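Enquirer: pasting the structure only:
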């Protein structure tokens, strides 16, 4: 899963503009959100790996935590 995260990090840092140009950024964002929620739920990836996308990951973690409080 760490390798998948690194692929997302490469896409977001180097190719995100191309996704926007193709109007595919929503699909990428949704895919990444589902991936991260799965990783948060099962604590699969070490938190030190998230440094590459710390802003996005922090935002998703907050969303995930608030969802868990409501559901749980």
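Expert: Received, thanks. Since we're looking at a predicted model, the values are computed, not measured. Numbering: from 1, shown residues only.
Enquirer: what about the helices in this protein?
Expert: 2-10, 16-21, 25-42, 54-71 (DSSP state H).
Enquirer: and the third one, what other elements does it pack with?
Expert: Translated: helix 25-42. helix 2-10, helix 16-21, helix 54-71 (3 or more C-beta pairs under 8 Å, 6 or more residues apart in numbering; DSSP states H and E). Glycine gets a C-beta too; all of them are placed from N, C-alpha and C.
Enquirer: could you say which of the ones you listed is packed most deeply?
Expert: helix 2-10 (a mean of 14; mean count of other C-beta atoms under 10 Å).
Enquirer: what is that helix packed up against?
Expert: Secondary elements touching helix 2-10 (3+ C-beta pairs under 8 Å, 6+ apart): helix 25-42.
Enquirer: any weak-confidence spans in this structure?
Expert: 72 (pLDDT under 70).
Enquirer: hmm, back to that, any chance of the helices of the chain in a markdown table, plus distance to residue 48?
Expert: Supplementary listing: these in a markdown table, determined by distance: least, C-beta to C-beta, whole Å:
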| stretch | distance to residue 48 |
| --- | --- |
| helix 2-10 | 10 |
| helix 16-21 | 23 |
| helix 25-42 | 13 |
| helix 54-71 | 11 |
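Enquirer: so residue 51 versus residue 9, what's the distance?
Expert: 9 Å (C-beta to C-beta, to the nearest Å).
Enquirer: dump the residue contacts of the closest residue to residue 25 other than its chain neighbours.
Expert: The spatially closest residue to residue 25, leaving aside those adjacent along the chain, is residue 19, at 4.5 Å (C-beta to C-beta, 6 or more residues apart in numbering). Residue 19 sits next to 11, 25, 27, 28 when contact means C-beta atoms under 8 Å, 6 or more residues apart in numbering.
Enquirer: sweet, I'm off.
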